[in-house]
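Novice: Got a sequence here, can you model it:
(chains A and B, ligands or ions: 5)
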Amino acid sequence: MPLNRSKKKTPMPTQNPEVRRRNFSEVALGYSEEEAVSEAKRCLQCKKPGCVEGCPVQVQIPQFIKRIAERDFEGAIKIIKETNSLPAICGRVCPQEAQCEKNCVLGKVGEPVAIGRLERFAADWERTRGSHPPVIPKKLGKKVAIIGSGPAGLTCAGDLAKLGYDVTIFEALHKPGGVLVYGIPEFRLPKIIVEQEVKFIQQLGVEIKTNMVMGKVLTIDDLFEMGYEAVFISTGAGLPKFMGIPGENYLGVYSANEFLTRINLMKAYSFPNTDTPIKVGKKVAVIGGGNVAMDAARSALRMGADEVHIVYRRSEEEMPARKEEFENAKEESIIFDFLTNPVRIIGNENGWVKGIECIRMELGEPDASGRRRPVPITGSEFIMDVDTVIIAIGTGPNPLLTKTTEGLELTKHGYIAVDEEGRTSREGVWAGGDIVTGSATVILAMGAGKKAARSIHEYLQNKKWQQ
Amino acid sequence: MFKILEKRELAPSIKLFVIEAPLVAKKAKPGQFVILRIKEGGERIPLTIADYDAQNGTVTIVFQEVGKTTRELGTLEAGDYIEDFVGPLGVPVEFPNHKKVLGIGGGLGIAPLYPKLKMLHQQGVEVVSIIGARTAEMLILEEEIKTVSNRMYVCTDDGSKGRHGFVTVVLKELLEQGEKFDEIIIIGPPILMKIGSEITKPYGIPTMVSLNPIMVDGTGMCGGCRVTVDGEIKFACVDGPAFDGHKVDFDELIKRLATYKEEEKISLEIFNKAHGCKLINKIEGADKDAVK
Ligand SMILES: Cc1cc2nc3c(=O)[nH]c(=O)nc-3n(C[C@H](O)[C@H](O)[C@H](O)COP(=O)(O)OP(=O)(O)OC[C@H]3O[C@@H](n4cnc5c(N)ncnc54)[C@H](O)[C@@H]3O)c2cc1C
Ligand SMILES: Cc1cc2nc3c(=O)[nH]c(=O)nc-3n(C[C@H](O)[C@H](O)[C@H](O)COP(=O)(O)OP(=O)(O)OC[C@H]3O[C@@H](n4cnc5c(N)ncnc54)[C@H](O)[C@@H]3O)c2cc1C
Ligand code: SF4
Ligand code: SF4
Ligand code: FES
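Specialist: Ligands and ions are numbered 1, 2, ... in the order given. Below you'll find the predicted structure:
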């Protein structure tokens, strides 16, 4: 098969930035079969593929790409699904440049193979054809409870159901999916995809109970009393952080979680056809530099803001957001104010935001994370006129469940302490995803769910709990 | 889906529902609340658990029709279903060593006051209560409060029943006469809780209020319900809703409650158009009542 020797990735067709900045439809449109085959032919089929090492769940990358190059799309998706049960999601949201694509040999002389885009292509190819209903395994008659329905919980549930366990997911919100439904916006991850994945897991026999705030309505002890023999905690890291600067409670100041939840989960973009309102002004400042900040800024634009700034205290290089989204955001004319840090939010007499006072920063010595620490430049304060502020500086662990569970060891920051198999300090209780690692990625959360499923299976077969 | 077992009209535009929700009923305690969503596309709104029955698996809510969602809720009948009903949320209140407590409920605040006084009464605590409303026909749960109180005062703003004037007038009198309480609970519109807390402060009597900021998830995830207590940010849904009235920044709460004023009006107008306008006048009255 002739190789495609292009140094560049086959471009991803996208909606025109001028149009898409005002709608919530998906930005990236996906490869056509021709584009996918052509991109697949760039892969050198390395004997020792670096790409696979970079993928947290070790998707067999050269193998699936080979199938695409041969137009065996069904074969491709089969290979992907051996290790990754949510490829339509990962293909869209994985930070590929820091994972699989980071280690691709082609990256040394040009652009790496567009692994994520190919993964997405294969998953979408299958999706639009309607995947086969799963084979329901023989039941083992053992019950497992999963708390939280984000990627960690869904993955763990799916794997255990395939092994024959009776799995129940308990979810606090009225809709399953975790950050995938309340956080990541429609234009980046259409909700229909998450719904299909959830449906697939239900077809496997997993029961999802929504409206269950665990720790309040039921405790982990209640679950054991109800006959569940193992519990997996995957409640995420959903507690929003504020900056602790004056003025954070002015009207028009949102946490990114609230802002995105109103839009994504509560569909405030359809107000007044839906009932949950949101207020987005003309000039918006989003504080932070991660995926969450990017999503909030681009959502604000789509809600009708004239001008949206991302205010980040470090520089472009330190920004943790996915590269592709940063590029997309720039194309959509989001303004980036790097090396800028808010010190105070200013309000008017009715309590509404009217501006933020910021200070310019410069990069000093590297800090514990290895990134150069931003230090304020004295006297560089200035005022930015804005009428909406969205704070996206990170989240922490929600103590609601851990507070009501005795004997559960936590780290000093309130995350759940686990061993390498995901076991907590309590017999029969596992944890994984953001509630263990702190805010991380979808694929890492899935990996944790998989690992826990394996360990739970082992435990339930011989009921031995040794650490 | 959660079934409405019983519906009662307590006063014009104030309704009581008994909802079948066995898991919530089993864990509910005084001071806690639920969040409900009537149907797909609806808003999530918090309502206090006004009573609960673990045996029968029921939870009672009392609500005032002030806007689109509460009005729509009011159109439902016994036998109908509510899509989502989440709880029990918030921190339960406790009064471990109290001997004598004063409970004050203004307007709809009487409903959240009731489960607390009921618990105190069952613990053998001496309960004095002051309840009040705009006018006689808006006064709710008078009988219920009476049965859990050793002494009860009733006030109306227009004098159509009981004392003429606000509940705070009676509060002042009792304190001036030197009556002592281990704690005073004040629940009602924020302005009542603010003024009430100002009155009790010089007497150094612990004063509990129950805050009602705008909420979304009710689990500590959005931070929309944040209030300032003792100079610190607290999330009312997980740290409250009960707080020390002497430390709450009520002015900030009152401002924040007005965030979506314009949108609420649009929502209600559309709803009214679709459902006939006969109730509008009443609603406007109720609205005034709620902000007073
Ligand atoms: C806006 C945003 C954008 C992101 N973008 C990306 C991206 O592009 N790429 C990427 O890889 N990662 C991204 N992330 C990070 C990624 O989404 C998370 O790392 C991942 O979702 C964590 O999965 P999880 O299963 O651990 O938890 P979550 O997805 O947080 O799910 C936890 C679930 O548990 C539920 N829950 C919490 N407490 C309770 C309780 N007491 N009882 C019952 N249920 C409970 C929650 O309601 C939630 O549904 C983003 C995150 C956000 C917020
Ligand atoms: C912990 C708590 C307990 C409550 N208990 C009761 C109760 O027992 N009975 C009762 O009648 N009311 C109670 N409320 C208030 C009730 O939630 C609001 O009246 C209701 O949300 C109004 O919705 P709406 O669409 O009908 O009116 P809208 O027109 O949307 O709003 C009317 C007013 O209600 C407030 N409000 C609006 N949306 C919300 C929201 N999502 N969350 C909270 N407040 C909001 C605002 O102040 C607004 O100005 C409680 C609120 C809280 C926070
Ligand atoms: S799962 Fe993520 S990291 Fe792994 S190959 Fe797919 S896109 Fe790359
Ligand atoms: S490293 Fe790159 S070129 Fe080599 S197998 Fe992986 S994707 Fe193909
Ligand atoms: S309602 Fe969202 S944090 Fe309290």
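Novice: So what's the residue count around the residue in chain B that ligand 3 sits nearest to?
Specialist: Nearest residue of chain B to ligand 3 (Cβ to the nearest ligand atom) works out as B:M221 at 25.9 Å. In this view, the C-beta of every residue, glycine as well, is placed from N, C-alpha and C. Other residues within reach of B:M221, judged by other Cβ atoms under 10 Å in any protein chain shown, total 26.
Novice: From what I see, it and A:G238 are in contact.
Specialist: Yes: in this structure B:M221 lies within contact range of A:G238 using Cβ atoms under 8 Å: 4.3 Å.
Novice: between those two, what contacts are shared?
Specialist: A:257, A:398 (Cβ atoms under 8 Å, 6 or more residues apart in numbering or on different chains).
Novice: follow-up on the earlier one: residues in contact with the residue of chain B closest to ligand 3?
Specialist: With Cβ under 8 Å, 6+ apart, B:M221 has these contacts: A:182, A:238-240, A:257, A:261, A:398.
Novice: among the residues you listed, which are in reach of ligand 1?
Specialist: A:238, A:398 (Cβ under 6 Å from any ligand atom).
Novice: So which of the contacts of B:M221 belong to helices?
Specialist: Counting by DSSP state H, the part of those found in helices is A:182, A:257.
Novice: where does the residue nearest to B:D182 when sequence neighbours are not counted land on pLDDT?
Specialist: Closest residue to B:D182 apart from its sequence neighbours, by Cβ to Cβ, 6 or more residues apart in numbering or on different chains: B:H98 at 4.2 Å. B:H98 is assigned a predicted lDDT (pLDDT) of 90.
Novice: Settle this for me: B:H98 is touching B:H121, isn't it.
Specialist: No: the criterion here is Cβ under 8 Å, and B:H98 misses it with B:H121 at 11.5 Å.
Novice: anything in the strand or helix carrying B:E252 sitting right up against ligand 5?
Specialist: Using DSSP states H and E, B:E252 maps to helix B:250-257. No: using Cβ under 6 Å from any ligand atom, we find that helix B:250-257 stays clear of ligand 5, coming within 12.2 Å at best.
Novice: list the buried ones in that helix?
Specialist: By neighbour count with 16 or more other Cβ atoms under 10 Å in any protein chain shown, helix B:250-257 contains the buried residues B:250, B:252-253, B:255-257.
Novice: in terms of contact count, name the helices or strands touching it.
Specialist: Judged by 3 or more Cβ pairs under 8 Å, 6 or more residues apart in numbering or on different chains; DSSP states H and E, helix B:250-257 is in contact with helix B:190-200, strand B:226-229.
Novice: and these as CSV, adding mean pLDDT and distance to A:E325?
Specialist: CSV is the format used below for the helices and strands packed on helix B:250-257 (pLDDT from 0 to 100; distance: least, Cβ to Cβ, whole Å):
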stretch, mean pLDDT, distance to A:E325
helix B:190-200, 95, 41
strand B:226-229, 96, 28
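Novice: With mean neighbour count added, can I get those in JSON lines?
Specialist: Listed next are the helices and strands packed on helix B:250-257 as JSON lines, based on neighbours: other Cβ atoms under 10 Å in any protein chain shown:
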{"stretch": "helix B:190-200", "mean neighbour count": "21"}
{"stretch": "strand B:226-229", "mean neighbour count": "22"}
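Novice: Select, out of these, the one closest to A:I334.
Specialist: The minimum distance between A:I334 and these falls on strand B:226-229, with 26.7 Å, by Cβ to Cβ.
Novice: close to ligand 2, is the closest one?
Specialist: No: using Cβ under 6 Å from any ligand atom, strand B:226-229 never reaches ligand 2; the gap is at least 10.0 Å.
Novice: my guess is B:I199 meets B:E176, correct?
Specialist: No: B:I199 lies out of contact with B:E176 (Cβ under 8 Å); the separation is 9.9 Å.
Novice: For the stretch 1-150 of chain B, which residue gets nearest to ligand 2?
Specialist: Closest to ligand 2 within the stretch 1-150 of chain B is B:G67: 2.0 Å, counting by Cβ to the nearest ligand atom.
Novice: Using neighbour counts, pick out the buried residues of the lengthiest helix in chain A.
Specialist: Counting by DSSP H, the longest helix found in chain A is helix A:442-462. Residues of helix A:442-462 classed as buried: A:442-453, A:455-457, A:459-460 (neighbour count, 16+ other Cβ under 10 Å).
Novice: A:I263 belongs to a helix, doesn't it?
Specialist: Yes: assessed with DSSP: H, G, I helix; E, B strand; the rest coil, A:I263 lies in a helix.
Novice: For it, give its distance to A:A297.
Specialist: Distance of A:I263 to A:A297, computed by Cβ to Cβ, to the nearest Å: 12 Å.
Novice: Which positions in the stretch 1-150 of chain B make contact with ligand 2?
Specialist: Of all the residues in the stretch 1-150 of chain B, those lying near ligand 2 are B:33, B:43, B:45-48, B:62-64, B:66-70, B:108, B:111-112, going by Cβ under 6 Å from any ligand atom.
Novice: What about the residues you listed, which are in helices?
Specialist: Those of those mapping onto helices are B:68-70, B:111-112, per DSSP H.
Novice: and whichever residue of the stretch 1-150 of chain B sits closest to ligand 1, helix, strand or coil?
Specialist: Proximity to ligand 1, evaluated over the stretch 1-150 of chain B using Cβ to the nearest ligand atom, is greatest for B:V86 at 10.1 Å. At B:V86 the chain is in strand, as set by three-state DSSP.
Novice: and it, how many neighbours does it have?
Specialist: If you count neighbours by other Cβ under 10 Å, B:V86 ends up with 27.
Novice: Am I right that it is in contact with B:F33?
Specialist: No: under the criterion of Cβ under 8 Å, B:V86 is not in contact with B:F33, lying 9.6 Å apart.
Novice: what residues do these two have in common as contacts?
Specialist: With contacts taken as Cβ under 8 Å, 6+ apart, B:V86 and B:F33 have B:G218 as neighbours in common.
Novice: Please enumerate the strands of the stretch 1-150 of chain B.
Specialist: Along the stretch 1-150 of chain B, the segments classed as strands by DSSP state E, counting those that start in this stretch run B:2-11, B:14-20, B:33-37, B:45-48, B:51-53, B:58-64, B:81-82, B:84-89, B:100-106, B:126-133.
Novice: Show me the shaky parts of chain A.
Specialist: A:1, A:131, A:467 (pLDDT under 70).
Novice: go with 80
Specialist: Regions of chain A meeting the criterion pLDDT under 80 cover residues A:1-2, A:130-136, A:369, A:466-467.
Novice: go on, the stretch 151-292 of chain B?
Specialist: For the stretch 151-292 of chain B, the ranges with pLDDT under 80 are B:276-292.
Novice: one more time with 50, if that's ok
Specialist: The model of the stretch 151-292 of chain B has pLDDT under 50 over residues B:280-292.
Novice: distance of the residue in it positioned nearest to ligand 4 from B:D239?
Specialist: The stretch 151-292 of chain B approaches ligand 4 most closely through B:M221 (37.8 Å), counting by Cβ to the nearest ligand atom. Distance of B:M221 to B:D239, given as Cβ to Cβ: 14 Å.
Novice: same question, A:E34
Specialist: 57 Å.
Novice: Comparing those two, which shows the higher neighbour count?
Specialist: Legend: neighbour count by other Cβ under 10 Å for A:E34 and B:D239, higher for B:D239 (19 against 9).
Novice: what sits against the closest residue to the more buried one other than its chain neighbours?
Specialist: Spatial nearest neighbour of B:D239, chain neighbours left out: B:V91 (6.9 Å); criterion: Cβ to Cβ, 6+ apart. By Cβ under 8 Å, 6+ apart, B:V91 lies in contact with B:31-32, B:238-240, B:242.
Novice: Just the ones in helices from the residues you listed, please.
Specialist: B:238-239.
Novice: Surely A:K216 and A:L400 touch.
Specialist: Yes: counting by Cβ under 8 Å, A:L400 is a contact partner of A:K216 at 7.0 Å.
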